[in-house]
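Undergrad: Kindly generate the corresponding structure for this input.
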Amino acid sequence: MMATSALPLLPPFPHSHIPTAAATAAAAAIGGEALLSPPKPTLKTPTVRSRLSRLCQEGQPLLARQLFDTITRPSTVLWNTIIIGFICNNMPDEALLFYSRMKRASPDVQFDSYTYSSTVKACAETRNLRVGKAVHCHFIRCQPNPSRIVYNSLLNMYSACLNSAENDVGCLMGSGYIASDPVWRVFDTMRRRNVVSWNTLVSWYVKTERYMDAVKQFRTMIKTGIRPSPVSFVNIFPAISGVGKRKLANVFYGFLVKLGDEFVNDLFVVSSAIFLYAELGCLDIARKIFDHCLEKNTEVWNTMISAYVQSDCPAEGIELFGQALASEQMDLDDVTYLSVLMAVSQLQRLDLALQLHAYLIKRFIVLPINILNAVIVMYSRCNSVQTSFKVFDKMLQRDIVSWNTVISAFVQNGLDDEGLMLAYEMQKQGFMADPVTVTALLSAASNLKNQRIGKEVHAYLLRNGIQFEGMGSYLIDMYAKCGLIRTAEQIFNIDYMNDRDQAIWNAMISGYTQNALTEEVFVILRQMLEQKVMPNAVTIASVLPACSSIGSVSFGKQIHGFSVRNFLDQNIFVDTALIDMYSKLGVIRDAENAFRRTTEKNSVTYTTMILGYGQHGMGERAVSLFHSMKGLGIEPDAITFVAVLSACSYAGLVDEGLQIFRLMEREYKIQPSTEHYCCIADMLGRVGRVGEAFEFVSELGEDGNTNSGYQVLLSNIYAEEGNWESVDRLRGEMREKGLRKEVGCSWIDIAGTMNYFLSRDQSHEQCDEIHGMLDGLAMEMRNTGYRPSLDPDHVELFE
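TA: Presented below is the predicted three-dimensional model:
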């Protein structure tokens, strides 16, 4: 947070012996630093000068210039008056043009500190580094003993221009940074420095993220006897935040308190201190500073509300907003409302969203576009995308953010086709897709696994030369999910061969995992490590499923050990992937240990552990874990219910399963889907309650006709009844519809070699020996009197 008052200041308008209030106000508008008054004018000049100053103060600098043009031999003071007038009226380009005209009039016109200070100020406002350097050279040649105010203006100019000119900053970031730093070089040549000079230097170091250098310069300023101003603390607090040391923050804030009420009660300082402690995770201290502020303005209130929201404490932010409404001190603005809208979005409370929206409608005659965009996001996060679209549809004006917001809302809520249609409509209305639009469209193509849409979006990027951060990872992810893994490889190997960041590597690893190319997963992971790119939590969460796919506990434990050594094992995505991997590899105790060590559990973590218990026939533990979620305030979702119902089915816990099924709609308001009905039917069929199972399956009606799991389940029920005619009919229908049950797979690791077994698969090199062994076992079973319960002709019909 940089304060403009830290910038070097311009001189006041040239004035008569007794300065008028208007002249003083104009000087304050520029931020004039106290200087000796200019030489006394001649008797004729004051009237002209006053008229020029008055016209500029009334917002008519062009008229003032016309009056200036009538003067035969204007003095330096009059030239300065017009330059300063243009700056005060937010016309810095005109000020530079007028300076150029003044320069052409030399040597008849002399330049003084007022001229250079004001012109350099115009260069800073226009971010015109080239002209700023030219003025600097002119100043060096013509001013042997320059004043401090000119140096301060130069500090500000270089700080402003270099901060915006990224190429210049990038050049400075190389070796010899201090020696080539123009701001430091100007500062170093100053014989006399005041607090404005030091503030500008500290501000520059913060802008260029040299936080410790900023802290060191602040300390040097104090040692040289310069008394800091409130702006000094406004500038140094972001540096302390960047360093990230609470102890250092306490030292500096303690020093501020010692300087007295002028500093403690300065509202800019209060806002900066609140922001500092919030960034350091000390919301309690930030709140104390807020509470001790005697007179709070809008910025102070906004900073504290935003601190709560940014620190994932939305409830506290909304509570403080309520206090602000009751306070007569605060004039609410757009920043306030945007923060509160974000807080409601985080809470996902539709009731609060409706109340806040109603308040905003009453508060504004016409809601601003930026607030309406935030309202759309809020309803989307509250799972009411229909309301989001209603708000969008009623907007009188829309910008590109409005379109992007509602398109993203549709895609994030699973309405990918609707999102694509809106993108088409957006283009028809003359809006060009930007990186945000493209990101949403790539996500939609990924979700739909629609190769055509994905290729069209990629072609649009190429035709329009659009580049944005993360584009490569989005493209690789999209092509991988669409089944075009070789196209994803081409992008990875050709387009990003020399420019692979962590996200690019992760996208490729995840793509291989999703396409069951497990060997490639480990090959590319090794390449990533060889390229000195450090895997993160996303990498580990993508690699672990590959370990379970190849059935390798040893690989899994190696990856687990890597995550522990690099402090990634406390990430919730890594923990969930570990639980899933150990469960699928049959090491349920390790899965339980990973679950217990997870510090922050969500519904996905619980669902994964419940699935693991179900796969191992530990139905009672699965049910117990499910019920424990309610006591911890963790809401189960539809997938959680599939997991726990499957566990009940495997373990024969019929009564518990039926009770949980009834809880879905009654307590959790979740509409049962095909998967839930199939779980109940399977559970009933396993214990011989075939009639009840058939009734459950029948309730699906047409919805189950395209579900292979449903068809297999129904066929098993018919087989259990000995109704082979219906079994054959279902088998034929499945073939006509192209439905297939996923083939089961088993594996065993022998001497470091993984052996896979699939139904009807004959690719194993020892296939003959295996089938010979199976035939021998079947013969022994028959000799001992074992008889299968199903007709041999219908065994493994759907394997």
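Undergrad: tell me the contacts of the nearest residue to Ile87 once chain neighbours are set aside?
TA: Excluding its sequence neighbours, the residue lying closest to Ile87 (Cβ to Cβ, 6 or more residues apart in numbering) is Ala95, at 5.1 Å. Bear in mind the C-beta positions are built from the backbone N, C-alpha and C, glycine included. Neighbouring residues of Ala95 by Cβ atoms under 8 Å, 6 or more residues apart in numbering: Ile83, Ile84, Phe86, Ile87, Ser118, Thr119, Ala122.
Undergrad: looking at it, the fifth one is touching Gly85, isn't it?
TA: So that's Ser118. No: checked against Cβ atoms under 8 Å, the pair Ser118 and Gly85 is beyond contact range at 9.6 Å.
Undergrad: Sort out which of the contacts of Ala95 are in strands and list them.
TA: When DSSP state E defines the strands, the subset of the contacts of Ala95 inside them is empty.
Undergrad: Distance to Ile610, neighbour count and pLDDT for these - can I get that in CSV?
TA: Putting those into CSV (distance: Cβ to Cβ, whole Å; neighbours: other Cβ atoms under 10 Å; pLDDT from 0 to 100) gives the following:
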residue, distance to Ile610, neighbour count, pLDDT
Ile83, 74, 27, 93
Ile84, 73, 32, 93
Phe86, 71, 24, 94
Ile87, 68, 24, 93
Ser118, 72, 29, 92
Thr119, 72, 33, 92
Ala122, 67, 28, 93
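Undergrad: Ala105: which of those is nearest?
TA: For the contacts of Ala95, the residue nearest Ala105 by Cβ to Cβ is Ile83; the value is 12.9 Å.
Undergrad: residues of stretch 272-286 that come out buried?
TA: 272-280, 282-283, 285-286 (16 or more other Cβ atoms under 10 Å).
Undergrad: Can you tell me what sits against it?
TA: Outside stretch 272-286, the residues touching it (Cβ under 8 Å, 6+ apart) are 1, 233-234, 237-238, 240-241, 244, 246, 249, 253, 256, 289-290, 300, 303-304, 307-308, 310-311, 313, 316.
Undergrad: what's the span of that stretch, first residue to last?
TA: 10 Å (Cα to Cα, to the nearest Å).
Undergrad: what's the average pLDDT for it?
TA: Here stretch 272-286 scores 94 as its mean pLDDT.
Undergrad: pretty sure Phe139 is touching Ile149, no?
TA: No: judged on Cβ under 8 Å, Phe139 makes no contact with Ile149 at a distance of 11.7 Å.
Undergrad: Neighbour count for those two, which is higher?
TA: Neighbours were counted for Phe139 and for Ile149 using other Cβ atoms under 10 Å; Ile149 has more, 24 against 21.
Undergrad: Okay, buried residues for the helix or strand hosting the more buried one please.
TA: Element membership for Ile149 (DSSP states H and E) is helix 148-164. Judged by neighbour count using 16+ other Cβ under 10 Å, the buried positions of helix 148-164 are 148-163.
Undergrad: Relative to Leu625, which of the residues you listed is nearest.
TA: Nearest member of the buried residues of helix 148-164 to Leu625, counting by Cβ to Cβ, is Asn163, at 54.0 Å.
Undergrad: Mind pulling up the pLDDT for that closest one?
TA: Asn163 is given a pLDDT of 62.
Undergrad: my read: Val183 touches Ser159, true?
TA: Yes: at 5.4 Å, Val183 counts as touching Ser159 under the criterion of Cβ under 8 Å.
Undergrad: if I look at these two, which residues touch both of them?
TA: Shared contacts of Val183 and Ser159, counting by Cβ under 8 Å, 6+ apart, come down to Thr200, Trp204.
Undergrad: Spatially nearest residue to Cys547, not counting backbone neighbours?
TA: Gly556 (3.8 Å).
Undergrad: distance of the one you found from Lys103?
TA: According to Cβ to Cβ, to the nearest Å, Gly556 and Lys103 sit 74 Å apart.
Undergrad: Compare the two and say which one has the larger neighbour count.
TA: Gly556 (25 against 15).
Undergrad: if I pick that one, what's in contact with it?
TA: For Gly556, the contact set (Cβ under 8 Å, 6+ apart) comprises Leu544, Cys547, Ser548, Met581, Tyr582, Leu585.
Undergrad: Let me have the residues you listed in JSON lines, extended by neighbour count and distance to Leu415.
TA: JSON lines is the format used below for these (neighbours: other Cβ atoms under 10 Å; distance: Cβ to Cβ, whole Å):
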{"residue": "Leu544", "neighbour count": "26", "distance to Leu415": "31"}
{"residue": "Cys547", "neighbour count": "27", "distance to Leu415": "35"}
{"residue": "Ser548", "neighbour count": "20", "distance to Leu415": "32"}
{"residue": "Met581", "neighbour count": "29", "distance to Leu415": "32"}
{"residue": "Tyr582", "neighbour count": "26", "distance to Leu415": "36"}
{"residue": "Leu585", "neighbour count": "20", "distance to Leu415": "37"}
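Undergrad: pretty sure Met618 contacts Ala651?
TA: Yes: contact criterion Cβ under 8 Å: Met618 and Ala651 qualify, at 7.2 Å.
Undergrad: Looking at those two, which is more packed in?
TA: Neighbours were tallied for Met618 and for Ala651 using other Cβ under 10 Å; the higher tally belongs to Ala651 (22 against 19).
Undergrad: contacting residues around the nearest residue to the more buried one once chain neighbours are set aside?
TA: Leaving out its chain neighbours, the residue that sits closest to Ala651 by Cβ to Cβ, 6+ apart is Gly619, at 2.4 Å. Listed by Cβ under 8 Å, 6+ apart, the contact partners of Gly619 are Tyr613, Ala647, Cys648, Tyr650, Ala651, Gly652, Leu653, Glu656.
Undergrad: ok, Gly619 to Tyr677 distance?
TA: Taking Cβ to Cβ, one finds Gly619 at 19 Å from Tyr677.
Undergrad: for Asn447, same thing?
TA: Distance of Asn447 to Tyr677, given as Cβ to Cβ: 25 Å.
Undergrad: Look at those two and report which has more neighbours.
TA: Tyr677 (23 against 17).
Undergrad: element containing that one?
TA: helix 674-686.
Undergrad: Show me what counts as buried in that helix.
TA: Quick answer for helix 674-686 (16+ other Cβ under 10 Å): Glu675, His676, Tyr677, Cys678, Cys679, Ile680, Ala681, Asp682, Met683, Leu684, Gly685, Arg686.
Undergrad: Dump these into CSV; add distance to Ser229 and pLDDT as well.
TA: Shown next, in CSV, are these (distance: Cβ to Cβ, whole Å; pLDDT from 0 to 100):
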residue, distance to Ser229, pLDDT
Glu675, 66, 83
His676, 67, 87
Tyr677, 72, 84
Cys678, 72, 81
Cys679, 69, 86
Ile680, 73, 86
Ala681, 76, 82
Asp682, 75, 81
Met683, 74, 86
Leu684, 78, 84
Gly685, 80, 78
Arg686, 79, 77
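Undergrad: Lovely, talk soon.
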